[in-house]
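Enquirer: model this:
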Amino acid sequence: MNEKKANPELQKLIEMLRRTSAKEDVGTWKCIAATLAGSTKKRPAVNISRINRYAQENEVIVIPGKVLASGELDKAVQVAAYQYSAEARAKIEQAKGKALTLFELMEKNPKAKDVRILG
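Expert: Numbering: from 1, shown residues only. Predicted coordinates:
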């Protein structure tokens with residue numbers, strides 16, 4: 001896992017996830033960092049329909065990969081992901097939810113309290 005990623009923003013995110021995990025003693029961030037540090041082929045791509053199926057109203061969902069737009073969302077959920085398709089972001093906001101970056105979620109909720117990882 002010591003390999004350097006070509007994307008400096010991704011490398012910064014991985015380092016920040018690891019640092020926050022150690023500082024707050026929360027394994028959630030470490031798990032997400034490990035997923036992002038691995039192969040891009042192993043990163044999850046999650047459709048809106050899957051989020052709708054497994055998320056509860058007002059829940060915080062973390063996707064350590066990309067959110068895709070297939071399906072409909074009928075719940076207001078907060079979704080934090082590494083990447084979004086433009087249509088997926090619009091569907092989340094249309095359902096009165098929030099589409100956050102992983103940086104934003106870490107700042108808002110460093111203890112990762114009540115967070116569910118889908119992927």
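Enquirer: for this structure, what spans make up the strands?
Expert: For the chain, applying DSSP state E gives strands covering 45-47, 60-68, 78-84, 98-101, 115-117.
Enquirer: redo those as JSON lines? Include mean neighbour count, mean pLDDT and distance to T20.
Expert: Quick note: C-beta positions are derived from backbone N, CA and C, even for glycine. Putting the strands of the chain into JSON lines (neighbours: other CB atoms under 10 Å; pLDDT from 0 to 100; distance: least, CB to CB, whole Å) gives the following:
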{"stretch": "strand 45-47", "mean neighbour count": "17", "mean pLDDT": "97", "distance to T20": "22"}
{"stretch": "strand 60-68", "mean neighbour count": "22", "mean pLDDT": "97", "distance to T20": "13"}
{"stretch": "strand 78-84", "mean neighbour count": "22", "mean pLDDT": "97", "distance to T20": "13"}
{"stretch": "strand 98-101", "mean neighbour count": "17", "mean pLDDT": "96", "distance to T20": "14"}
{"stretch": "strand 115-117", "mean neighbour count": "16", "mean pLDDT": "94", "distance to T20": "12"}
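Enquirer: now the one residue sitting closest to the centre of the chain, nearest residue through space, not along the chain?
Expert: Geometric centre of the chain, nearest residue: A81, 2.7 Å, by CA atoms, centre = their mean. Excluding the flanking residues, the one nearest A81 by CB to CB, 6 or more residues apart in numbering is I63, at 3.9 Å.
Enquirer: wait, that neighbour sits on P44?
Expert: Yes: counting by CB atoms under 8 Å, I63 touches P44, with 6.4 Å between them.
Enquirer: so what sits against both of these two?
Expert: Residues touching both I63 and P44 (CB atoms under 8 Å, 6 or more residues apart in numbering): L118, G119.
Enquirer: ok, back up a step: which among the strands of the chain is found nearest to A34?
Expert: strand 60-68 (8.7 Å; CB to CB).
Enquirer: what comes into contact with the closest one?
Expert: If you take CB under 8 Å, 6+ apart as the criterion, strand 60-68 is touched by 28, 31-32, 35-36, 43-48, 51, 54-55, 77-85, 88-89, 92, 99, 102, 105, 109, 114-119.
Enquirer: shaky segments in the chain?
Expert: 1-5 (pLDDT under 70).
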